[in-house]
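Trainee: Starting from these lines, generate the structure:
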Amino acid sequence: MTEHRTVDDHDGKSTIVLKTRMNPLTVTMYFVLRPVVTVDDTRSFCKWGETTFHVNPGLHEVRVSLGDALFRPLGEASISVQVASGTTVYLRYSAPYLLFSQGRIREVSRVTQGQR
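Mentor: Residues are numbered from 1 along each chain as shown. Here you go, the predicted model:
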């Protein structure tokens, strides 16, 4: 199931799709922790899997963590992405093996409307 969230007032033509995943050896995190995704200044608690964010065209800061512990984000990773009008940017976040380590986030692909 895909969650859909709106970050800005937009025309519906620019999208960031984030897929969150974890190592199968750390499956207990799936039941205890939920990804916390911040796109620019909008913070959302998301489910594991795919989440869609509708955004205005432009530069966006995407930050993912697994919550906070002792004033420090767990498994944090961030990326800046330029999203053009009519473009969907696909990102993938991988949770760390150890909670106090950094996660990884990267751009997987981008698709322009009308292009496949």
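Trainee: for the protein, what are the low-confidence residue spans?
Mentor: 1-12, 29-30, 70, 114-116 (pLDDT under 70).
Trainee: Nearest residue to the middle of it?
Mentor: What sits nearest the mean C-alpha location of the chain, by CA atoms, centre = their mean, is Leu18, with 4.1 Å.
Trainee: That one is in contact with Val37, isn't it?
Mentor: Yes - with contact defined as CB atoms under 8 Å, Leu18 counts as touching Val37 (6.3 Å). Backbone N, C-alpha and C define where each C-beta goes, glycine included.
Trainee: Residues that sit against both of the two, list them.
Mentor: Common contact partners of Leu18 and Val37 (CB atoms under 8 Å, 6 or more residues apart in numbering): Cys46, Thr51, Phe53, Val62, Val64.
Trainee: which stretches of the chain form strands?
Mentor: Using DSSP state E, the strands assigned to the chain run over residues 3-6, 14-21, 36-39, 42-45, 49-55, 58-65, 68-69, 72-73, 77-83, 87-94, 104-112.
Trainee: Remind me what the third one packs against, helices and strands.
Mentor: It stands for strand 36-39. Under the contact criterion of 3 or more CB pairs under 8 Å, 6 or more residues apart in numbering; DSSP states H and E, strand 36-39 touches strand 14-21, strand 42-45, strand 49-55, strand 58-65.
Trainee: on that earlier part again, out of the shared contacts of Leu18 and Val37, which end up buried?
Mentor: When the shared contacts of Leu18 and Val37 are checked for burial by 16 or more other CB atoms under 10 Å, the buried set is Cys46, Thr51, Phe53, Val62, Val64.
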